[in-house]
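>>> Got a sequence here, can you model it:
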Amino acid sequence: MTRLQDAEGIAAWRSKGFHAVLPGPGQPAGLMRRMLELKQQHPLPGDKRLPDSFDLSLNRDQYCPAPGEFDAFARDHPLWGMPYGLPALPADEHDTLVRWLEAGAPGRGPGWPENHYRDAIASWEAFLNQPSNKARLMSRYIYEHLFIASLHFDQLDAGQPERTFFNLVRSATPPGQPVRAIASRRPYDDPGVERVYYRLLPAQGARLAKTQMPYALNPQRQQRWRQLFLDADYRVEKLPGYNPDKASNPFVSFEAIPVRSRYRFMLDEAGFTLQGFIKSPVCRGQVALNVINDHFWVFFVDPDLLQAEGEAHFLAEQRDNLRLPSESTAGLFNWIRYAEAEADYLEAKRRMVRQLARRIPPSLDYLWDGDGDNPNASLTVFRHFDSASVIQGLLGDTPQTAWLIGYPTLERIHYLLVAGFDVYGNVGHQLSSRLYMDFLRMESEFNFLTLLPRNARKAARDHWYREAGQHVQDYLSHIKGYLFGEGILYSGDSAIRYSSDEPLPELYALLRAEFAPLQPAGYRPRDSQAPPALIDQLSRLESVSGSQLALFPEISLIRVDAPGNGGWYFTLLHNSAHSNVSELFNEKDRRLPEEDSLILANGVLGVYPNQFFRVEADSVADFVQRLSQLRSESAYSETLDHYGLRRTASGFWQYSDRLHRDYRALRPLEAGILDYSRLENR
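Residues are numbered from 1 along each chain as shown. Coordinates of the predicted model:
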């Protein structure tokens with residue numbers, strides 16, 4: 001793989017083996033135009049399904065013919081023109097693209113969009129490049145957490161024809177000079193220069209929903225960071241270096257920064273922090289995703305519970321046990337080795353937290369309340385087989401599991417799967433990262449179980465880890481004293497008073513009520529502007545469960561049209577159940593289809609839709625009945641005949657254009673171009 005920042009100038013790209021796609025000497029049409037024209041000359045067959053000659057798998061071999069190879073490519077694969085596996089573009093849009101290619105594919109004009117944002121950029125670059133060691137350590141910490149962010153100046157975007165997003169980059173040049181970005185695989189790799197400067201560059205290219213991670217910059221944010229990192233009372237005698245073993249461990253690199261400041265920084269935008277591992281390169285494909293359940297809730301330990309000096313001393317003592325797998329890990333690492341380090345850390349954590357629990361037994365007071373107004377205090381995560389989504393608030397009545405995350409786990413998730421994950425790295429590094437995530441998931445789940453009555457914790461844990469492999473059982477036995485001594489954070493009982501003999505569902509209900517005031521409007525079905533009766537009809541789909549859902553896609557996007565009222569969008573999510581998610585391979589062996597469920601969400605949720613449905617408002621009842629009674633592939637195909645929009649449909653692009661227009665109106669910050677690579681071919 002090669003990134004856009006890995007070369008600069010035509011000669012540099014040619015040296016890497018890249019060739020032109022625009023017109024050039026001896027190639028008057030250009031490769032991109034010829035690929036577009038191939039589709040116009042050979043449109044898709046009129047059948048419902050694409051022929052088997054189309055490979056639509058995620059990990060298929062993908063290649064682009066060199067200019068001199070195109071004739072042979074077109075002869076062998078006449079149906080493989082652009083867009084691949086989708087209908088030809090409408091004639092007027094095709095002509096627009098051709099004219100743009102003939103003009104040399106020009107980009108934005110000079111000065112765009114820096115002119116409008118010049119003062120804001122200057123202010124932020126001045127803030128991030130102050131000379132003191134304290135400020136430089138702050139800026140390095142911020143960069144290593146926001147290097148994948150889609151930064152935007154929210155207070156300057158008002159009235160602009162479109163929002164502009166920026167990337168924070170490391171540069172060899174200071175503010176006031178042209179940016180000379182430092183290309184590296186990881187944000188903490190040695191930059192190769194004496195002084196790094198942090199600069200803002202306008203994001204290039206189309207905005208893609210799968211990588212869009214909005215993060216607002218404004219005067220309030222700058223003041224908040226000043227308070228957390230610069231006004232706090234600590235000293236930085238020496239800046240950390242870039243030795244891989246130390247730079248990959250944030251508990252070493254940023255030991256000087258108060259734990260409270262680091263944790264508060266991450267909590268302020270906790271949804272963004274978790275979205276990092278959901279949308280970063282690590283989260284691609286089934287094996288990368290099968291470390292999490294299909295539907296779970298996330299909560300955070302209240303930062304006010306931290307005793308600053310004690311927490312800092314504890315993390316300093318435990319930094320070796322908290323070491324993360326890195327590229328220096330040779331081959332497939334020893335799972336037991338990390339299991340032992342994690343168990344040692346948990347034992348030390350148990351001793352420390354026991355002191356806290358004597359004063360404050362586990363209760364809802366352990367959970368961060370968002371300081372009364374931050375919707376990041378509770379999150380919902382969905383896995384869609386080989387992709388995932390995270391949203392603010394609690395969606396769905398009963399999650400498959402729940403996590404309670406404290407600072408050490410939150411930081412490790414980021415450095416394991418975002419900052420420290422090398423998509424170009426060896427297989428050993430990538431697999432060890434996936435396997436280590438098991439420990440972080442288990443620790444977070446076990447933290448949550450502390451809120452249950454002491455005598456209910458083991459049953460809940462055993463249910464979440466049914467049929468787990470021997471290595472997991474050995475690990476759980478090794479930390480039994482931590483878990484069931486008989487408590488996860490505390491050997492005593494929960495302070496929550498339960499009134500039923502089913503404490504886990506009761507706890508979920510308590511949490512829904514506790515966090516209801518922070519629930520942001522947006523994804524709940526009742527947040528839709530559609531008539532309540534229509535929402536009630538669609539919501540009946542959530543009562544469909546069990547093995548019949550095997551016919552349902554992971555993500556179904558439903559548009560309901562009503563004359564004179566435009567339309568409304570809903571997303572139907574298929575949550576697959578598993579006996580456990582602690583095994584790397586053979587996921588099918590752990591599937592529990594009889595426990596599968598559906599969740600209906602308002603709007604567009606997920607960036608890889610699998611199926612589109614179009615339903616007239618007066619046909620919603622029939623649509624719901626058809627889906628509720630699916631028992632065969634032929635019945636599903638018949639439902640698609642009535643309400644589906646297949647990837648082969650003649651009106652596909654008209655639907656897509658309206659979808660993206662409406663998506664931007666519904667979610668102006670998160671919206672981007674949806675990825676159609678996982679659309680069904682049924």
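>>> name the helices or strands packed onto the helix ranked longest in the chain?
For the chain, the helix that runs over the most residues, judged by DSSP state H, is helix 335-359. Where contact means 3 or more C-beta pairs under 8 Å, 6 or more residues apart in numbering; DSSP states H and E, helix 335-359 is packed against helix 308-317, helix 427-449, helix 470-478, helix 480-483. Placement of C-beta: from N, CA and C, glycine included.
>>> again, only using 7 Å
helix 427-449, helix 470-478, helix 480-483 (3 or more C-beta pairs under 7 Å, 6 or more residues apart in numbering; DSSP states H and E).
>>> Give me the helices and strands touching the first one, please.
In this case it means helix 427-449. The helices and strands touching helix 427-449, judged by 3+ C-beta pairs under 7 Å, 6+ apart, are helix 335-359, strand 401-405, helix 407-414, helix 457-464.
>>> Tell me who's in contact with the closest residue in space to Gly672 that isn't next to it in sequence.
Sequence neighbours aside, Ala209 is the residue nearest to Gly672 in space, at 3.7 Å (criterion: C-beta to C-beta, 6 or more residues apart in numbering). For Ala209, the contact set (C-beta atoms under 7 Å, 6 or more residues apart in numbering) comprises 607, 671-675.
>>> Relative to the strand or helix carrying Tyr569, what are the paired strands and their orientations?
Using DSSP states H and E, Tyr569 sits in strand 567-575. Its sheet considered, strand 567-575 pairs with strand 555-561 (antiparallel), strand 597-602 (antiparallel) by DSSP bridges.
>>> just so I know, which of the ones you listed lies nearest Ile535?
The closest of those to Ile535 is strand 597-602. By C-beta to C-beta, the value is 8.4 Å.
>>> Now Tyr608: phi and psi?
The phi and psi values for Tyr608, taken as degrees, to the nearest 10, are phi -120, psi 70.
>>> How many residues are close by it?
Neighbour count for Tyr608, taken as other C-beta atoms under 10 Å: 21.
>>> how many neighbours does Arg195 have?
Arg195, neighbours per other C-beta under 10 Å, totals 11.
>>> and the nearest residue to Val236 once chain neighbours are set aside, how many neighbours does it have?
Using C-beta to C-beta, 6+ apart and skipping residues adjacent in sequence, the residue nearest Val236 is Asn133, 4.0 Å away. Neighbours of Asn133 under the rule other C-beta under 10 Å: 14.
>>> circling back to that earlier point, compare the contacts of Ala209 and tell me which is most surrounded.
The most neighbours of any of the contacts of Ala209, using other C-beta under 10 Å, belong to Val607, which has 24 neighbours.
>>> starting at the chain centroid, how far to the helix or strand where Val381 lies?
Element membership for Val381 (DSSP H and E) is strand 379-383. Remark: strand 379-383 is offset 9 Å from the chain centroid, using C-alpha atoms, centre = their mean, to the nearest Å.
>>> Val381 and Leu394: what is the separation?
Distance, Val381 to Leu394, by C-beta to C-beta, to the nearest Å: 11 Å.
>>> Tell me which stretches of the stretch 551-682 of the chain form helices.
Along the stretch 551-682 of the chain, counting by DSSP state H, counting those that start in this stretch, helices occupy 620-628, 633-643, 652-666.
>>> Go through the longest one and flag the buried ones.
Which is helix 652-666. Neighbour-count burial for helix 652-666, counted by 16 or more other C-beta atoms under 10 Å, picks out 652-653, 656, 659-660, 662-664, 666.
>>> again with the first one
Judged by neighbour count using 16+ other C-beta under 10 Å, the buried positions of helix 620-628 are 620, 623-624, 626-627.
>>> Counting by contacts, list what that helix packs against.
Judged by 3+ C-beta pairs under 7 Å, 6+ apart, helix 620-628 is in contact with helix 532-539, helix 633-643.
>>> And for the last one, what's in contact with it?
Going back to what we said before, that points to helix 633-643. Under C-beta under 7 Å, 6+ apart, the answer for helix 633-643 is 551, 613-615, 623, 626-627, 630, 646, 682.
>>> go again using 10 Å as the cut-off
48-49, 550-553, 558-559, 611-616, 619-620, 622-623, 626-627, 629-630, 632, 644, 646, 649, 680, 682 (C-beta atoms under 10 Å, 6 or more residues apart in numbering).
>>> Put the buried members of those into a ChimeraX selection.
The ChimeraX selection below is limited to those of the contacts of helix 633-643 classed as buried (16+ other C-beta under 10 Å):
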select :551,552,553,558,559,611,612,613,614,615,620,623,626,627,630,644,646,649,680,682
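>>> returning to what we had before: between Val381 and Leu394, what contacts are shared?
When contacts are counted by C-beta under 10 Å, 6+ apart, the set common to Val381 and Leu394 consists of 297-298.
>>> In stretch 20-34, which residues are buried?
For stretch 20-34, by 16+ other C-beta under 10 Å, it's 20-21, 23, 27, 29-34.
>>> What of stretch 561-576?
567-576.
>>> To Asp55, which of the helices and strands packed on helix 620-628 lies closest?
From the helices and strands packed on helix 620-628, taking C-beta to C-beta, the stretch that ends up closest is helix 633-643, at 20.9 Å.
>>> Taking helix 620-628 as reference, get the angle to the closest one.
Angle between the axes of helix 633-643 and helix 620-628 is 160 degrees (criterion: axes from the mean of the first three to the mean of the last three C-alpha atoms, to 10 degrees).
>>> hey, C-alpha coordinates of helix 633-643 in CSV?
Output of helix 633-643 as CSV, limited to C-alpha atoms (Å, rounded to 0.1, in the frame of the first residue of the first chain):
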residue,chain,number,x,y,z
GLU,A,633,-34.1,-16.9,-0.5
SER,A,634,-36.9,-16.9,-3.1
ALA,A,635,-39.1,-15.0,-0.7
TYR,A,636,-36.3,-12.5,-0.1
SER,A,637,-35.8,-12.1,-3.9
GLU,A,638,-39.5,-11.5,-4.3
THR,A,639,-39.4,-8.8,-1.6
LEU,A,640,-36.5,-7.2,-3.5
ASP,A,641,-38.6,-7.3,-6.7
HIS,A,642,-41.2,-5.2,-4.9
TYR,A,643,-39.2,-2.9,-2.7
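>>> Thank you kindly, that will do.
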